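Peer 1: Predicted model and sequence below, questions to follow.
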Amino acid sequence: MKKSILSVIVLSMILTGCGDKEDTGAKVAAADIGAGKAIVERDCKACHGLNGKGIAPAIPNLAAQRERYLFNSLKEYKDGKRSHAALKNMTANMSEADLRNVAAYFASMPPIANAAATDVKHSSPYEQGKVLAADCAKCHGADGNSKTPGTPTLAGQQPHYLVAAIQEYHQGDRAKNAMKSSLRETDKLELESLALYFAAQTPLKRDAATHGDAAAGEPASAMCGGCHGSHGVSVDAATPSLAGQDAEYLVKAIKAYRTTRKNWGMQRYVAGLGDKDIENLAAFYASQSPKAADSVPTSTQELAAKCDRCHDQDATATMAAPKMKGQDKDYLVMALRAYRDDKRESSTMHRMSFTYSNAIIESLASWYSSQPAK
């Protein structure tokens, strides 16, 4: 198991609770499939087809989906817990019996045959990032542990921060010509994969600072700890870890907030520090023990296997989690992002996914959409 992002450890902590609390233990009342078919022909067919197949990207397949999940989803649209104007208006005119009948009808349909389903293995964002990291090895080391004074270590660094930092170089917000041109043609999903790879590596402690007094720098770190964590080990994916970082680099980085780097909080704090204060602060953080970001699965299949504890069709007879295999990829991406961004109501799904980068969501959606529906 490699070490990496945030992103994903939350899964294993909450896997047994992927259904919302109101779903637990309840049974869907008996339904009239024929009545459900009549409603589908009248209201649902234009988007989901009479056979339950979404007619366009980002429209989910409903055929053979779990009846309880479909009923709960329709009720959430009716109650305004999910935001979709057309579905909210449509379900507003339906009784609970109508909702049960529609859910029962779609659940009774055979699964949609997915001609493109291959059940192949997919590489993970981590593996994709490892390929991209070859371009960074000359300066930052193959595993992200730089040995060059003044060049930061990337191993174990927080992934969202790395993506933001690279983009700041590209935009000219950070002054470093070599970094401005590096990876300029790389899109954001690829940058996220690169960041995941470096976040997964074990950071090694750098040489002791040749300037500054670490003991004198410790009191000044009190202000920094609120964002950068105790002794410089960040627990926020968007805030860099400072522990064990190269002291020369830290001095340059801190001073840059006086000129080119833009961050209101950092600019205000740095304004009160003299050059000696900055050297002492850098010496303190350089002397601290670094720690890698959180552990995650090293492949998409390994991550999906943990999702399947709630979503696998044979493992959740008492739950209302949806089947995901063979589902439309664009819909899965949209739904996962909605849960992550707290735009779709489910405290459990939000806690699970709020740390996911778009690269992880894309990878999961690609894997599930390629599997045969059952």
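Peer 2: That came through fine.

Peer 1: could I have stretch 286-294 exported to CSV, CA atoms only?
Peer 2: Listed next in CSV are the C-alpha coordinates belonging to stretch 286-294 (Å, rounded to 0.1, in the frame of the first residue of the first chain):
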residue,chain,number,x,y,z
ALA,A,286,13.9,22.1,8.4
SER,A,287,14.7,20.4,11.7
GLN,A,288,11.3,18.8,12.1
SER,A,289,10.5,15.2,11.1
PRO,A,290,8.5,15.1,7.8
LYS,A,291,5.5,12.8,7.3
ALA,A,292,3.9,11.6,4.1
ALA,A,293,0.2,12.3,3.2
ASP,A,294,-2.4,9.7,4.1
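
Peer 1: SS state for G272?
Peer 2: Taking DSSP: H, G, I helix; E, B strand; the rest coil as the rule, one finds G272 in the coil state.

Peer 1: what's the burial count for A305?
Peer 2: 12 (other Cβ atoms under 10 Å). (C-beta placed from N, C-alpha, C; glycine too.)

Peer 1: ditto for S346
Peer 2: There are 19 residues near S346, going by other Cβ under 10 Å.

Peer 1: Please apply the same query to H350.
Peer 2: Using other Cβ under 10 Å, H350 is surrounded by 17 other residues.

Peer 1: what's whatever helix or strand it lives in packed up against?
Peer 2: Secondary structure from DSSP states H and E places H350 in helix 347-353. When contacts are defined as 3 or more Cβ pairs under 8 Å, 6 or more residues apart in numbering; DSSP states H and E, helix 347-353 packs onto helix 9-14, helix 329-340.

Peer 1: For these, which has the smallest mean pLDDT value?
Peer 2: For the helices and strands packed on helix 347-353, the weakest mean pLDDT is recorded on helix 9-14, namely a mean of 32.

Peer 1: residues in contact with A134?
Peer 2: Each residue near A134 by Cβ atoms under 8 Å, 6 or more residues apart in numbering is listed here: A142.

Peer 1: where does it land in three-state SS?
Peer 2: Following three-state DSSP, we place A134 in the helix state.

Peer 1: buried residues in the helix holding H350?
Peer 2: 348-350, 352-353 (16 or more other Cβ atoms under 10 Å).

Peer 1: same thing with stretch 175-193?
Peer 2: Buried residues in stretch 175-193, defined by neighbour count with 16+ other Cβ under 10 Å: 179, 183, 189-193.
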